[in-house]
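1. no sequence for this one, just the structure:
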Ligand SMILES: Nc1ncnc2c1ncn2[C@@H]1O[C@H](COP(=O)(O)OP(=O)(O)OP(=O)(O)O)[C@@H](O)[C@H]1O
């Protein structure tokens, strides 16, 4: 479980988070929506200790990480996987080396080691890919690269996955495939999943809970049917505009 209480964060005079209370549960998918600059990325960074709040607390598995030492935070960060926008793969490495990277980096292990290669095949299969270990990223489509990035994100068996705009830049068919994979990974691996997204079709498909950030606060928290009935004008404007765009 991840819990934030009364989270506040400003940069100079720019008050970005102004009292956020949220709880995220294992095995559930929560999406965070909100207009550009509303603080979605700033919020995610507090969960992995990359930003410290001005006020409020952050708990990961009941452990208060707000003022934790960096060495201890490193251990907690190992439970997380953070899939950035673009999911950048290393162009000069083949797919085997890319996917194995989090496991071999900083160790004497080799992607060709039997166990590692088998694990790479297993996670590639989870995202619907096979026999691409010796291809380079440049030989793959955008959607396949995204899937490889997903495979790399789960190779260390994280307890929490944070996705930042996982379907941005993909066509509707590939977006739907990525949504299916996010759902399947969440279900099969019982991962706590938080997704930042502008893509309302995707938000509706994958979310157990949708949260909307506006003016530094959570102005909505609930399900698809609840958000569609929500009377708040900021929520309404946002979902109507985004549904037209996506
Ligand atoms: N390191 C930083 N220093 C100063 N200001 C920052 C920093 N990081 C973010 N901000 C500010 O915080 C605000 C929220 O930014 P954030 O990136 O969280 O928005 P977002 O909702 O993720 O936007 P987008 O959808 O465009 O990615 C912005 O005004 C941004 O300029």
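-> It's in. Source: prediction; values computed, not measured.
2. residues in contact with residue 171?
-> For residue 171, the contact set (C-beta atoms under 8 Å, 6 or more residues apart in numbering) comprises residue 143. C-beta coordinates here come from the backbone N, C-alpha and C atoms, glycine included.
3. what ranges does the chain have for its helices?
-> Under the criterion DSSP state H, the chain contains helices at 40-47, 70-77, 95-104, 114-126, 142-154, 172-189, 200-206, 224-229, 233-245.
4. who does the longest one touch, helix- and strand-wise?
-> Contacts defined by 3 or more C-beta pairs under 8 Å, 6 or more residues apart in numbering; DSSP states H and E place helix 172-189 against strand 29-33, helix 114-126, helix 142-154, strand 192-196, helix 200-206.
5. residues of the chain that sit close to the ligand?
-> 11, 14, 16, 34, 36-42 (C-beta under 6 Å from any ligand atom).
6. and for stretch 19-26, what are the contacting residues?
-> Under the criterion C-beta under 8 Å, 6+ apart, residues 1-8, 30, 43, 56, 159, 190-192, 194, 211, 213, 216-218, 221 lie in contact with stretch 19-26.
7. among the residues you listed, which ones are buried?
-> 2-5, 7, 30, 43, 56, 159, 191-192, 194, 211, 213, 216, 218 (16 or more other C-beta atoms under 10 Å).
8. ok so, going back, would you format the helices of the chain as a markdown table with mean pLDDT and distance to residue 22 included?
-> Below are the helices of the chain laid out as a markdown table (pLDDT from 0 to 100; distance: least, C-beta to C-beta, whole Å):
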| stretch | mean pLDDT | distance to residue 22 |
| --- | --- | --- |
| helix 40-47 | 93 | 9 |
| helix 70-77 | 92 | 18 |
| helix 95-104 | 95 | 27 |
| helix 114-126 | 96 | 28 |
| helix 142-154 | 91 | 22 |
| helix 172-189 | 91 | 18 |
| helix 200-206 | 94 | 16 |
| helix 224-229 | 94 | 16 |
| helix 233-245 | 82 | 16 |
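9. domain assignment for this protein?
-> Domain assignment for the chain by automatic domain parsing gives 1-79+159-246, 86-157.
10. how about the nearest residue to residue 203, chain neighbours excluded?
-> residue 31 (4.8 Å; C-beta to C-beta, 6 or more residues apart in numbering).
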